[in-house]
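> coords below, sequence missing:
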């Protein structure tokens, strides 16, 4: 597992911030890193105070590149995991984010070819498939790994299944690293008309630098990014004239 400002985690984080605060789906970076250019399935996992807060991914590539795959799955992990309510803006500072990039699954003949620390597993019976990522806390045996994957796919313990294994490259950032770090620069976004934007505070609440409406990156009409430290600042709605 790798940590420390990796571009894939930066992309997932920026995607979630933009979508949760402004319901905007960001564009991929104008220049893709080598990891972003490849085609691969990805999973985005969110944790809050050590507990799972959302996890959605794709078994195999569904987009032209990993960058688009991560954007799609980051939004889904934050807002469309049926096990959890959508992530709120007030929670962003408490999140930890992991991005897993999957190798292509390979079929295996028996459970003896699994290692839950190294390999993830896919179990398949007809049109039902269940996946479990590798190196998860509490999953220490291949037997338990397959059992959990079966349950996720609603495959009974006695039903015959085809087993597949895969490896991942995992990238992770802790909440304290994500909280006030500048978001990835993701290309120009259209600004709302000046009259439609809210009113920003005169200074950034994080770094204290002056904020000028014409010099910030707007996310919709009610939030903008401080150009000095990257903090997302909420704008107050303009009051109509009487």
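Nice, I can see it. Owing to the predicted nature of the structure, the values given are computational and were not obtained by experimental measurement. Numbering: from 1, shown residues only.
> residues contacting stretch 161-171, please?
The contact list for stretch 161-171, computed with CB atoms under 8 Å, 6 or more residues apart in numbering, reads 1-3, 6, 8-9, 35, 43, 98-111, 113-114, 118-125, 133-135, 146, 150, 155. C-betas here are computed from N, CA, C, even on glycine.
> and this structure, what are its domains?
Per the record, the chain has its domains at 2-103+169-178, 106-166, 194-234, by automatic domain parsing.
> these into TSV, with extra columns for mean pLDDT?
Shown next, in TSV, are those (pLDDT from 0 to 100):
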stretch	mean pLDDT
domain 2-103+169-178	90
domain 106-166	95
domain 194-234	67
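> tabulate these in a markdown table, adding columns for mean neighbour count.
Below are these laid out as a markdown table (neighbours: other CB atoms under 10 Å):
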| stretch | mean neighbour count |
| --- | --- |
| domain 2-103+169-178 | 19 |
| domain 106-166 | 16 |
| domain 194-234 | 16 |
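> can you pull out the strands in the chain?
Secondary structure of the chain (DSSP state E): strands at 2-3, 42-48, 51-57, 95-102, 106-108, 120-125, 128-132, 162-166, 168-173, 217-219, 223-225, 232-234.
> CSV for these, including distance to residue 64?
Shown next, in CSV, are the strands of the chain (distance: least, CB to CB, whole Å):
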stretch, distance to residue 64
strand 2-3, 24
strand 42-48, 13
strand 51-57, 17
strand 95-102, 15
strand 106-108, 23
strand 120-125, 23
strand 128-132, 22
strand 162-166, 20
strand 168-173, 19
strand 217-219, 25
strand 223-225, 27
strand 232-234, 28
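> and of these, who's closest to residue 30?
Among the strands of the chain, the nearest to residue 30 by CB to CB is strand 217-219 (14.3 Å).
> end to end, how far does stretch 107-115 reach?
The straight-line separation of the ends of stretch 107-115 (CA to CA, to the nearest Å) is 14 Å.
> which residues sit against it?
Identification of contacts with stretch 107-115 by CB under 8 Å, 6+ apart yields 121, 134, 142, 143, 145, 146, 162, 163, 164, 165.
> now the last one: closest residue in space, sequence neighbours ignored.
Nearest in space to residue 165, with sequence neighbours left out and distances taken as CB to CB, 6 or more residues apart in numbering, is residue 119 at 4.2 Å.
> swap in the second one?
Leaving aside its chain neighbours, residue 134 sits nearest to residue 120 (4.4 Å; criterion: CB to CB, 6+ apart).
> I'd assumed residue 142 was in contact with that neighbour.
No: taking CB atoms under 8 Å as the definition, residue 120 is not a contact partner of residue 142, at 11.3 Å.
> rewinding a little: in the sheet, who's paired with the residue nearest to residue 134?
residue 166 (DSSP bridges).
> ok, the one 4 residues further on next?
According to DSSP bridges, the residues that bridge with residue 124 are residue 129, residue 162.
> next one: it from residue 72, what distance?
From residue 124 across to residue 72, the span is 23 Å (CB to CB, to the nearest Å).
> and if you look at residue 143?
Remark: distance between residue 143 and residue 72 (CB to CB) = 33 Å.
> again with residue 11
Counting by CB to CB, the gap from residue 11 to residue 72 is 11 Å.
> same question for residue 41.
Residue 41 is 11 Å from residue 72, where distance means CB to CB.
> also residue 7?
Applying CB to CB to residue 7 and residue 72 gives a distance of 17 Å.
> again with residue 131
Per CB to CB, residue 131 is found 16 Å from residue 72.
> which pair of the contacts of stretch 107-115 spans the longest distance?
134 and 162 (18.5 Å).
> quick revisit: export the contacts of stretch 107-115 to TSV and tack on distance to residue 213?
Putting the contacts of stretch 107-115 into TSV (distance: CB to CB, whole Å) gives the following:
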residue	distance to residue 213
121	51
134	47
142	57
143	59
145	52
146	56
162	57
163	57
164	52
165	53
